[in-house]
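# the following comprises the amino acid sequence and a computationally predicted model.
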Amino acid sequence: MRNFITVELVTQIECKGTRGVLMPTFTPSHLGKWESLFTDLVGGEGSALTEEGIWMLGAKPGLVCVFDEEEPLYIEAVDNISKTLQCYLKGGSECDFRTMVGIVEMGASLRNAASRAKTGPLALRISKRVAKFRYRVVQAPSKSYRIWHVHLMSWLIRGTRVQAR
């Protein structure tokens, strides 16, 4: 199975307004004071990305990391952890994560992947694939979430080229 992307730093994929952040290898110098938050996010046991695995989450801001087996694939700073994970699972609305799964895992066209990832046969295939992923979240106060988001975007600006495996 093809993994999302191999990168040296956090990078972003731009496709018709869709932006996703893919997991890199960080060093403590990249993370600075965010090192403990990042370690909590990617370390430890994750939960299944299924209805049963996300029912207990609330509408809190924080960071979400999605894993395939033990490999971190995708990280996102969000205003509402519960709503974001519901979007990952069910689709039906514009969801960058589902769009990326459609493009990278299912070979969908960059031009129409966002619309096809919402409903239809591709959306069903994406849902089956997403159900095999695991996730881990770290709650962050609203102010910290916004700072982390800005910090993440600064890494994106300095990002390296994306190389498909």
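Arrived safely.

# looking at the chain, which helix or strand is least sure?
Between all helices and strands in the chain, the lowest mean by mean pLDDT, DSSP states H and E belongs to strand 12-15, at a mean of 36.

# give me the element G102 is part of.
Element membership of G102, judged by DSSP states H and E, is helix 96-104.

# give me the helices and strands touching that helix, please.
strand 12-15, strand 18-21, strand 71-78, helix 81-90, helix 113-116, helix 121-130 (3 or more Cβ pairs under 8 Å, 6 or more residues apart in numbering; DSSP states H and E). Glycine gets a C-beta too; all of them are placed from N, C-alpha and C.

# tell me which of those sits nearest to S36.
Taking Cβ to Cβ, strand 71-78 is the member of the helices and strands packed on helix 96-104 nearest to S36, at 15.4 Å.

# pull out the buried positions in that closest one.
When burial is assessed from 16 or more other Cβ atoms under 10 Å, strand 71-78 yields the following buried residues: 72-78.

# one more: stretch 124-131?
Neighbour count says stretch 124-131 has 125-127, 129-130 buried, by 16+ other Cβ under 10 Å.

# go on, stretch 39-56?
Judged by neighbour count using 16+ other Cβ under 10 Å, the buried positions of stretch 39-56 are 41-42, 46-47, 49-50, 53-54.

# then stretch 131-139?
Buried residues in stretch 131-139, counted by 16+ other Cβ under 10 Å: 133-138.

# again with stretch 95-112
Neighbour-count burial for stretch 95-112 flags 95-106, 108 (criterion: 16+ other Cβ under 10 Å).

# swap in stretch 75-95?
Of the residues in stretch 75-95, those buried (16+ other Cβ under 10 Å) are 75-78, 81-82, 84-89, 91, 95.

# can you put these in JSON lines and add distance to D68?
Shown next, in JSON lines, are the buried residues of stretch 75-95 (distance: Cβ to Cβ, whole Å):
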{"residue": "I75", "distance to D68": "13"}
{"residue": "E76", "distance to D68": "15"}
{"residue": "A77", "distance to D68": "20"}
{"residue": "V78", "distance to D68": "20"}
{"residue": "I81", "distance to D68": "20"}
{"residue": "S82", "distance to D68": "22"}
{"residue": "T84", "distance to D68": "18"}
{"residue": "L85", "distance to D68": "16"}
{"residue": "Q86", "distance to D68": "20"}
{"residue": "C87", "distance to D68": "18"}
{"residue": "Y88", "distance to D68": "13"}
{"residue": "L89", "distance to D68": "15"}
{"residue": "G91", "distance to D68": "18"}
{"residue": "C95", "distance to D68": "17"}
